[in-house]
Structures are given as structure tokens and as C-alpha cells.
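1. Model the following, please.
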Amino acid sequence: MVSMSRGPRRFFAVFLALAAIVAGASGCSSSDEPSRKAGNLGTRLCILNSWTEKVFVQWTKKDTDTGTGPVVPGMQVCAEGTFAAGADVAGDLEFTPSFGSNPIPMKFEARNPLVGAPFVSVDRKTPGFSCLVSYYDVGDKRVADDGTVRLSVERLPDDQWKEFILIIEPGQPRINGPRDCVPEVYPYSA
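-> Sure thing, here's the model as predicted:
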């Protein structure tokens, strides 16, 4: 009878030990489960300055960020957020297209709504100028190019967040002259 009672207890002890090993290997615990679920609903946006001058970034809505202020060429800043209503991440950016010209103030936001595809908009602060406003599937890329500055937004594969990158770079010359905030849609091809 003693050996019979040891069998089920030993099996149960081995089962609990294996469950603890699997839970530890996955990095999950009951204490971080709510934040992990919330993170899956959030959005992360990175802004990469591939342009020739500094770009000024000010995050106005976010949970955390990697920096704000001037972003020198070749650098990027990122922010992530998870909000129940409105944008998950939002902010302002400003750049001067050429020496002596006026700065261009813009606003941006990214969100992952509870229903529907993730959404990003990049607009001039002047009412009526919409540069990039779109819903994105993974791999989608949208480009707005006025001949001086080129803005592109791409949805990257999901990680802990819905991942986006906004790239600011020199514009492409236009045969018919520059166009102001007219988006060009390029399908993603790997």
C-alpha cells in the first residue's frame, strides 16, 4: 500500500515540476498576464530621420518613448502606447525643407482600434492637408512625396505591439513639378 500511494504522489510532483519549468521558460506568469494582453493591443511607432537635416519630434501621447526633441540624420526615436480611446501614440514633428524656408509643422498618430485594422495618419497642421492617412495590414507601405521631402509609413510584422515606421527622407524630383502632400501608394513586395 505504501508503494501505491508513492506512485500517484510522485507522478503529481513530477507534473508540477514540469509545469513550473514550462511556465518559467515562456517568461509568463500570472502577474504579468494583464500587461502582456494590454501590450498586444498597443501600438509602437518609430520615426527614422533619413533626411539631410534635423527633424524635431515631440510625443504628445504615449506610454514610453526613446527620446524627444531634435533627431539628427541617421537616427530614430520610438514610442509605444496603449489607450482605450483615440490614438495610442501621437505627436508633432517639424522640419525645414531648405535653408531660409519656413519650417513645416506636422502631426501624426498611430492606433490599433479594438475592431478593425491598425491606423496611421501623418498630416500637415494646416487644415485640409492630409499626407498619409490609412489603415495598414502587415507589409503595407504608403508614401507621400512633394518633391522636396518624402514621407513613408510601413507596418512591420507584429511583435509585442502593432509596429510601424515613419521614414523622412529627401523627395524625388517630379517631371510635372512638386505636389503638396499627395500620397502615392506602393504595394509591399518582399
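2. number of nearby residues for F164?
-> If you count neighbours by other Cβ atoms under 10 Å, F164 ends up with 24. In short, each C-beta sits where N, CA and C put it, glycine included.
3. Strands of the protein, residue ranges please.
-> 43-49, 55-61, 64-65, 69-71, 76-81, 89-95, 104-111, 119-124, 130-135, 141-145, 149-155, 162-170, 183-186 (DSSP state E).
4. looking at those, which is buried most?
-> Stretch with highest mean neighbour count among these: strand 43-49 (a mean of 24; mean count of other Cβ atoms under 10 Å).
5. check contacts around I104.
-> Contact analysis of I104 by Cβ atoms under 8 Å, 6 or more residues apart in numbering lists E94, F95, T96, P97, R124, V149.
6. could you redo the last one with a cut-off of 6 Å?
-> I104 makes contact with F95 under the criterion Cβ atoms under 6 Å, 6 or more residues apart in numbering.
7. in the sheet, who's paired with it?
-> Beta-bridge partners recorded for I104 (DSSP bridges): F95.
8. among the helices and strands of the chain, which has the poorest mean pLDDT?
-> Least confident helix or strand, the chain: helix 33-40 with a mean of 41, by mean pLDDT, DSSP states H and E.
9. May I ask you to confirm that D145 is in contact with P170?
-> No - at 9.5 Å, D145 does not count as touching P170 under the criterion of Cβ atoms under 6 Å.
10. Turn the strands of the chain into TSV, including mean pLDDT.
-> Formatted as TSV, the strands of the chain follow (pLDDT from 0 to 100):
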stretch	mean pLDDT
strand 43-49	95
strand 55-61	95
strand 64-65	94
strand 69-71	93
strand 76-81	96
strand 89-95	93
strand 104-111	90
strand 119-124	87
strand 130-135	73
strand 141-145	85
strand 149-155	89
strand 162-170	92
strand 183-186	43
